[in-house]
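Visitor: Please find the sequence and the predicted model below.
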Amino acid sequence: MESVFTAVADPTRREMLARMQSEGPLSIKQLAAPLPISRQAVTKHLDILYASGLVRVQRAGRERLHSLDSSPLKEVGDWLEPYAREWDERLSRLQRHLEDRS
(Lines give C-alpha, C1' and ligand atoms only; values in the text may rest on other atoms or scores of the structure.)
Protein backbone atom coordinates (compact mmCIF):
# COMPACT_ATOMS: atom_id res chain seq x y z
CA MET A 1 0.00 0.00 0.00
CA GLU A 2 2.94 2.34 0.66
CA SER A 3 4.00 2.14 -2.99
CA VAL A 4 0.49 3.18 -4.06
CA PHE A 5 0.60 6.23 -1.78
CA THR A 6 4.04 7.10 -3.13
CA ALA A 7 2.83 6.70 -6.70
CA VAL A 8 -0.24 8.91 -6.34
CA ALA A 9 1.59 11.55 -4.28
CA ASP A 10 3.02 13.09 -7.45
CA PRO A 11 0.71 15.36 -9.51
CA THR A 12 2.27 14.28 -12.82
CA ARG A 13 1.60 10.61 -12.04
CA ARG A 14 -1.96 11.44 -10.97
CA GLU A 15 -2.47 13.23 -14.29
CA MET A 16 -1.10 10.23 -16.17
CA LEU A 17 -3.42 7.87 -14.25
CA ALA A 18 -6.41 10.12 -14.93
CA ARG A 19 -5.65 10.13 -18.64
CA MET A 20 -5.29 6.35 -18.74
CA GLN A 21 -8.61 6.07 -16.93
CA SER A 22 -10.44 8.40 -19.31
CA GLU A 23 -8.66 7.60 -22.59
CA GLY A 24 -7.69 3.96 -22.14
CA PRO A 25 -4.29 2.45 -22.97
CA LEU A 26 -1.70 5.02 -24.07
CA SER A 27 1.82 4.89 -25.48
CA ILE A 28 4.67 6.82 -23.90
CA LYS A 29 4.46 9.29 -26.79
CA GLN A 30 0.76 9.87 -26.11
CA LEU A 31 1.33 10.20 -22.37
CA ALA A 32 4.20 12.64 -22.86
CA ALA A 33 2.47 14.88 -25.43
CA PRO A 34 0.58 17.22 -23.04
CA LEU A 35 3.17 17.08 -20.26
CA PRO A 36 5.98 19.62 -19.83
CA ILE A 37 8.51 16.80 -19.30
CA SER A 38 10.61 14.54 -21.51
CA ARG A 39 9.70 11.04 -22.59
CA GLN A 40 12.52 9.81 -20.38
CA ALA A 41 10.85 11.48 -17.37
CA VAL A 42 7.51 9.92 -18.37
CA THR A 43 9.24 6.53 -18.44
CA LYS A 44 10.56 7.08 -14.91
CA HIS A 45 7.08 8.00 -13.70
CA LEU A 46 5.66 4.91 -15.44
CA ASP A 47 8.26 2.74 -13.69
CA ILE A 48 6.96 3.96 -10.33
CA LEU A 49 3.34 3.42 -11.38
CA TYR A 50 4.19 -0.04 -12.69
CA ALA A 51 6.01 -0.97 -9.45
CA SER A 52 2.95 0.08 -7.43
CA GLY A 53 0.71 -2.15 -9.55
CA LEU A 54 -1.33 0.78 -10.86
CA VAL A 55 -0.25 0.36 -14.49
CA ARG A 56 -0.16 -2.61 -16.83
CA VAL A 57 1.81 -2.78 -20.04
CA GLN A 58 0.76 -4.58 -23.20
CA ARG A 59 2.38 -4.80 -26.60
CA ALA A 60 0.53 -3.55 -29.65
CA GLY A 61 2.79 -4.06 -32.63
CA ARG A 62 5.95 -2.06 -31.95
CA GLU A 63 4.34 0.05 -29.23
CA ARG A 64 3.91 -0.64 -25.57
CA LEU A 65 0.56 0.57 -24.31
CA HIS A 66 0.11 1.52 -20.66
CA SER A 67 -3.25 1.17 -18.96
CA LEU A 68 -4.63 1.78 -15.50
CA ASP A 69 -5.13 -1.10 -13.09
CA SER A 70 -7.19 0.42 -10.29
CA SER A 71 -7.29 -2.71 -8.11
CA PRO A 72 -4.46 -1.49 -5.79
CA LEU A 73 -6.60 1.58 -5.06
CA LYS A 74 -9.28 -0.67 -3.55
CA GLU A 75 -6.88 -1.69 -0.79
CA VAL A 76 -6.22 2.00 -0.07
CA GLY A 77 -9.96 2.71 -0.15
CA ASP A 78 -10.65 -0.14 2.25
CA TRP A 79 -7.98 1.21 4.61
CA LEU A 80 -9.37 4.77 4.42
CA GLU A 81 -13.03 3.78 4.80
CA PRO A 82 -13.15 3.71 8.65
CA TYR A 83 -11.59 7.19 8.75
CA ALA A 84 -14.06 8.52 6.19
CA ARG A 85 -16.95 7.01 8.15
CA GLU A 86 -15.69 8.64 11.37
CA TRP A 87 -15.41 12.04 9.68
CA ASP A 88 -18.89 11.68 8.18
CA GLU A 89 -20.27 10.99 11.65
CA ARG A 90 -18.42 13.97 13.15
CA LEU A 91 -19.63 16.30 10.42
CA SER A 92 -23.19 15.05 10.84
CA ARG A 93 -23.03 15.75 14.58
CA LEU A 94 -21.64 19.23 13.89
CA GLN A 95 -24.40 19.91 11.38
CA ARG A 96 -27.09 18.79 13.87
CA HIS A 97 -25.52 20.95 16.56
CA LEU A 98 -25.47 24.03 14.31
CA GLU A 99 -29.05 23.42 13.18
CA ASP A 100 -30.18 23.10 16.81
CA ARG A 101 -28.58 26.43 17.64
CA SER A 102 -30.41 28.31 14.90
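Guide: Done, it's in.
Visitor: now Thr12, nearest residue through space, not along the chain?
Guide: His45 (5.8 Å; CB to CB, 6 or more residues apart in numbering). C-betas here are computed from N, CA, C, even on glycine.
Visitor: Enumerate every residue touching the spatially closest residue to Val55 that is not a sequence neighbour.
Guide: Closest residue to Val55 apart from its sequence neighbours, by CB to CB, 6+ apart: Leu49 at 4.1 Å. Taking CB atoms under 8 Å, 6 or more residues apart in numbering, we find Leu49 in contact with Ala7, Arg13, Met16, Leu17, Val55, His66.
Visitor: mean confidence for stretch 73-93?
Guide: The pLDDT scores in stretch 73-93 average 90.
Visitor: Go through it and flag the buried ones.
Guide: For stretch 73-93, burial by neighbour count (16 or more other CB atoms under 10 Å) applies to Leu73.
Visitor: Can you tell me what sits against it?
Guide: By CB under 8 Å, 6+ apart, the residues outside stretch 73-93 that reach it are Met1, Val4, Phe5, Leu54.
Visitor: Repeat the analysis, applying 6 Å as the threshold.
Guide: The contact list for stretch 73-93 (CB atoms under 6 Å, 6 or more residues apart in numbering) reads Met1, Val4.
Visitor: returning to that earlier point: would the residue nearest to Thr12 count as being in a strand?
Guide: No: read with DSSP: H, G, I helix; E, B strand; the rest coil, His45 is helix and lies in no strand.
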